[in-house]
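Novice: Below are the sequence and a predicted model; questions follow.
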Amino acid sequence: MRELDASRFLVRRALPVAVLIILAIAGVRYIAGDHRLILAALTVILFLSFAFWVARMLGRFARSRGEIERAALYRLVAENSPGGAIYVFDRDLRFQLAGGPSLDKSTFDASALEGKTIWEALDPDTVTKIEPAYRAALAGEKSSFEIEFGVNNYRATVTPLRDQAGAVTGGLVQTQEITEQRNLEHQLRQAQKLDAVGQLAGGIAHDFNNLLTVIGGYTTLALARQQLDEGVRDTFSQIRIATERATSLTRQLLAFSRQQHLVAQRLELGKIVEEILPMLSRLIESRVELRSTFQTDVAAVMFDRSQLEQILVNLVINARDAMPGGGTISIEVSETEIDEAYTAAHPDATVGPHVVLTVSDTGHGMDEATRARIFEPFFTTKAETHGTGLGLAVVYGIVNQSGGNIWVYSEVGRGTTFKIYLPAATAADTATDTVDEPAPVVAEPASPGTTVLVVDDHPAVRSLAVAVLEGAGYNVLEAANTSEAGEVLGDHAVDAIVSDIVLPGGGAAAPTYPADARGRSAGVVYMSGYTADMLRGSVLTAQARFLEKPFSPAALLASTAAVID
């Protein structure tokens, strides 16, 4: 049972009972002929009425004071709400109170809301989003929803407001800004998506390199035949040209998947960009102006110069294509300090001093849907005959593989800006160790009795290698995995091993092989559709060489001759 305040108790219980008792007693006395009690009864009734009036006034004052104190408390909480706001509305959905930091970021202020209904104060789209939750609060239910105002996101919780009797008198809306959280979630989803696509692209590139090895290898063997007529020779030449173009595509996919070979050097970014500018100027037309700004005393970075050139070429070409009617491309080099606030919104960034390479254009820009996909391989807004959609994917892969971060801002009709953040080099940073590959040698005819073991789980690649080596006069043995290779080495004398790096049962590292039947360890030619980075600091020695797929028959023979020597 609900507790009643003083005025409600007097009105509903005490006063009616007292009046009835007094009237009953006065009636009995009147019948008995005692008329004096009538005057006393009237006096008592007047006194009780006055007491009732006083009690009601005190109750109203108390309720009014309580409402004022509660409103003041709500306003105090609203003004100190971190990044959010508080709204109070009545049963007519009329705002009674509004306040909080989020109002400062919107087009509203308290005076534009207080005293107005949601239909009077807000646009129809916003009313459609919030009205169900407000109605639910009037029905006594708590609910929440998310809403966007401008570029900011908010989570709103709507709860019923009740009076002392428990009746719903309106609702309380508490909002909390979640813009940073949503941006971080979006960045994380994008990073995870691109990582997944990168792994897929790298796997496809590796498998495709096996196919290109077979196609290009057999094409080269066919072209080596003297008896081919011109028509057939031209056909095979076109196949070889297509294979070379496909090889270029797979290398770009490997760049996107961060599996290419990079040689980091200490570079002064401003000087390097300045040296590249004449080449970049030749890529654009006279209707496009190329501007450059270099901040002085910028720290050095550890980066692969050839990859820096590729990044600039890709970005400048994209900027040029975004300005068919002419415009301006600006290249800037500056220095900045990345703080935790930036890394919170960009999970792949690191805190510390960075050098910033900025490429901006005044072109047609991009909408949000397009901007979210620009780093995906093969995604392009250009016509099918203009590019492959790998340019920005390659830029993304190079920057991330080098420990940097890339940020893009664009608006339709207002151009696009790419900012590449590269960690500033420290005194301890030195050039990346490179894979020391011996200079190419010309393949000599195989010595009589020279035996080579070919180990590859891809039958077509293995068959091609066997055909090339046998054609050069080698005795060739085959194995599909490390286990089979071990058995062959236990039974035969082997002068060289041609082996794929990734083999079933071989683990993540490049395979190592035991001594052969004579107790000698043969030199190894490691083949892979990935890059030589996989071998850095491990098995690549004077007795080993790396052969990147797709390779030519001549390259296979030269590498084999080198490890035998």
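Specialist: That came in fine, so what should we check first? Keep in mind that what you see is a predicted model, and the values were worked out from it rather than measured.
Novice: which residues of the stretch 301-450 of the chain score low on pLDDT?
Specialist: Scanning the stretch 301-450 of the chain for pLDDT under 70 picks out the ranges 345, 347, 377-378, 381-390, 429-446.
Novice: That one: strands as residue ranges?
Specialist: 301-303, 327-338, 352-361, 405-410, 416-423 (DSSP state E, counting those that start in this stretch).
Novice: Paired strands for the longest one, with orientation please.
Specialist: By that I understand strand 327-338. The pairing partners recorded for strand 327-338 under DSSP bridges are strand 288-294 (parallel), strand 352-361 (antiparallel).
Novice: how close does the nearest residue to Gln307 once chain neighbours are set aside get to Ser306?
Specialist: Closest residue to Gln307 apart from its sequence neighbours, by Cβ to Cβ, 6 or more residues apart in numbering: Ile398 at 4.8 Å. To be clear about C-beta, it is placed using only N, CA and C from the backbone, and glycine gets the same treatment. Going from Ile398 to Ser306 by Cβ to Cβ, to the nearest Å gives 10 Å.
Novice: Check Ser521 too.
Specialist: 35 Å.
Novice: just Ala98 next, same as before
Specialist: As judged by Cβ to Cβ, Ala98 and Ser306 stand 59 Å apart.
Novice: The two: which is more packed in?
Specialist: More neighbours surround Ala98 than the other of Ala98 and Ser306, with 25 against 11 (other Cβ atoms under 10 Å).
Novice: Could you report the distance from the more buried one to Ile118?
Specialist: Note on Ala98: its distance to Ile118, by Cβ to Cβ, is 11 Å.
Novice: tally of neighbours for the residue nearest to Pro511 when sequence neighbours are not counted?
Specialist: Leaving aside its sequence neighbours, Pro511 sits nearest to Thr482 (Cβ to Cβ, 6+ apart; 5.0 Å). Neighbours of Thr482 under the rule other Cβ under 10 Å: 20.
Novice: I'd guessed Thr482 sits against Asp500; true?
Specialist: No: counting by Cβ atoms under 8 Å, Thr482 stays clear of Asp500, with 10.2 Å between them.
Novice: Need the overlap of contacts for these two.
Specialist: By Cβ atoms under 8 Å, 6 or more residues apart in numbering, Thr482 and Asp500 have these common neighbours: Val455.
Novice: check contacts around Asp500.
Specialist: If you count contacts by Cβ under 8 Å, 6+ apart, Asp500 has them with 455-458, 461, 526-528.
Novice: Leu464 and Ser447: what is the separation?
Specialist: The spacing between Leu464 and Ser447, counted by Cβ to Cβ, is 22 Å.
Novice: Of these two, which one has the most company?
Specialist: Neighbours were counted for Leu464 and for Ser447 using other Cβ under 10 Å; Leu464 has more, 25 against 11.
Novice: next one: phi and psi at the nearest residue to that one once chain neighbours are set aside?
Specialist: Of all residues not flanking Leu464 in the chain, Gly217 sits nearest, at 4.4 Å (Cβ to Cβ, 6+ apart). Main-chain torsions, Gly217, degrees, to the nearest 10: phi -70, psi -50.
Novice: Compute the number of surrounding residues for Gly217.
Specialist: Gly217: 25 neighbours (other Cβ under 10 Å).
Novice: What of Asp297?
Specialist: 6.
Novice: try Arg287
Specialist: Residues near Arg287, counting by other Cβ under 10 Å, number 11.
Novice: and the nearest residue to it once chain neighbours are set aside, how far is that from Val288?
Specialist: Once flanking residues are discounted, Arg287 sits nearest to Gly326: 3.5 Å by Cβ to Cβ, 6+ apart. Applying Cβ to Cβ, the value for Gly326 to Val288 is 6 Å.
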